[in-house]
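In: The amino acid sequence is not available; the structure is as follows:
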């Protein structure tokens, strides 16, 4: 299926590693012009080089996404270079473990800034360009907003906000034919996930326990599988799909895990 993304300028926050990198990999296969936005001056050049070596068209702009002015500047850099924005993938974030018991006002607020407020700011600053292109927005979310996890109030609240903003923006942007959807992730083995697994006394046993609870094939979702769904939602092949939360999680969130 030709997703007709060739030459489309797609902004991906946090696209230099993990799920974001998997999204970029799929987009360059569709010959889109990918622009990674984030703060990491080590992983971004490395990702750009790797994706370019694979034949992709990849650009970047640095921004500390918790800083609204930096978000605005990065979006303007994209427009200065490419003149258009056809799609935005809000992906950057971190499960930072700000719990109800151990967190406080400051750490909880910081977690919201790390995981939610930049979704709004990036969409806000991209909006004029998206109106011109009748583009699309895809927000990456987490099952923690639906299932809970324990010990991560900030991240769970932020993901609940991501889901709500997806539906809210889908309504607000109907007059402009801008579609807004979310891809909800459960368990995907990224470098950050691997780091978390290594905090347990027996990482391999913990990992197997998690995989055994994923109904479809008892395995984790790959970043590539997430990226494929994101690419579809950005494309005109999903031209009448908006306001949807798509769970790409092997049935983890909604199927009986005893299966």
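Out: Nice, I can see it. Predicted, not measured: the structure shown is a model, and the values here were computed from it.
In: what about the longest helix in this structure?
Out: With DSSP state H setting the assignment, residue counts place helix 153-172 as the longest helix in the chain.
In: What residues sit buried inside that one?
Out: Neighbour counts over helix 153-172 (16 or more other CB atoms under 10 Å) mark 153-163, 165-167, 169-170 as buried. To be clear about C-beta, it is placed using only N, CA and C from the backbone, and glycine gets the same treatment.
In: Likewise for stretch 79-91?
Out: Buried, per 16+ other CB under 10 Å, within stretch 79-91: 79, 82, 85, 86, 87, 88, 89, 90, 91.
In: for stretch 109-119, same thing?
Out: Under the neighbour-count criterion of 16+ other CB under 10 Å, stretch 109-119 has 110, 111, 112, 113, 114, 115, 116, 117, 118, 119 buried.
In: before we move on, the earlier item: kindly provide the whole-number mean pLDDT of the longest helix of the chain.
Out: Mean pLDDT, computed over helix 153-172, is 98.
In: what's that helix packed up against?
Out: Counting contacts by 3 or more CB pairs under 8 Å, 6 or more residues apart in numbering; DSSP states H and E, helix 153-172 packs against helix 105-112, helix 118-133, strand 136-142, helix 144-147, strand 179-185.
In: quick one, that helix and strand 179-185 angle?
Out: For helix 153-172 against strand 179-185, the angle by axes from the mean of the first three to the mean of the last three CA atoms, to 10 degrees is 150 degrees.
In: Please report how far residue 167 lies from residue 52.
Out: In this view, residue 167 and residue 52 are 36 Å apart by CB to CB, to the nearest Å.
In: cool, and residue 6?
Out: Here the criterion is CB to CB. By it, residue 6 lies 17 Å from residue 52.
In: out of these two, which sits in the busier spot?
Out: residue 52 (14 against 11; other CB atoms under 10 Å).
In: you'd agree residue 190 is up against residue 14?
Out: No - the criterion here is CB atoms under 8 Å, and residue 190 misses it with residue 14 at 10.7 Å.
In: residues in contact with the residue most central in space within the chain?
Out: Centroid check for the chain by CA atoms, centre = their mean gives residue 91 as the closest residue, at 2.2 Å. Each residue near residue 91 by CB atoms under 8 Å, 6 or more residues apart in numbering is listed here: 12, 13, 14, 15, 19, 20, 23, 140.
In: a helix runs through residue 215, doesn't it?
Out: No - secondary structure of residue 215 (DSSP: H, G, I helix; E, B strand; the rest coil): coil, not part of a helix.
In: What residue, apart from its backbone neighbours, is nearest it spatially?
Out: In space, and not counting its chain neighbours, residue 215 is closest to residue 251: 3.8 Å by CB to CB, 6 or more residues apart in numbering.
In: That neighbour and residue 119, how far apart?
Out: Residue 251 sits 26 Å away from residue 119, going by CB to CB.
In: Mind listing what's buried along the helix or strand of the chain with the lowest mean pLDDT?
Out: Least confident helix or strand, the chain: helix 191-197 with a mean of 84, by mean pLDDT, DSSP states H and E. For helix 191-197, a neighbour-count test (16+ other CB under 10 Å) marks residue 193 as buried.
In: hmm, back to that, can I get the buried residues of stretch 79-91 in JSON lines with pLDDT and secondary structure?
Out: Compiled in JSON lines, the buried residues of stretch 79-91 are given as follows (pLDDT from 0 to 100; DSSP: H, G, I helix; E, B strand; the rest coil):
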{"residue": "79", "pLDDT": "98", "secondary structure": "helix"}
{"residue": "82", "pLDDT": "98", "secondary structure": "helix"}
{"residue": "85", "pLDDT": "98", "secondary structure": "coil"}
{"residue": "86", "pLDDT": "98", "secondary structure": "coil"}
{"residue": "87", "pLDDT": "98", "secondary structure": "strand"}
{"residue": "88", "pLDDT": "99", "secondary structure": "strand"}
{"residue": "89", "pLDDT": "98", "secondary structure": "strand"}
{"residue": "90", "pLDDT": "98", "secondary structure": "strand"}
{"residue": "91", "pLDDT": "98", "secondary structure": "coil"}
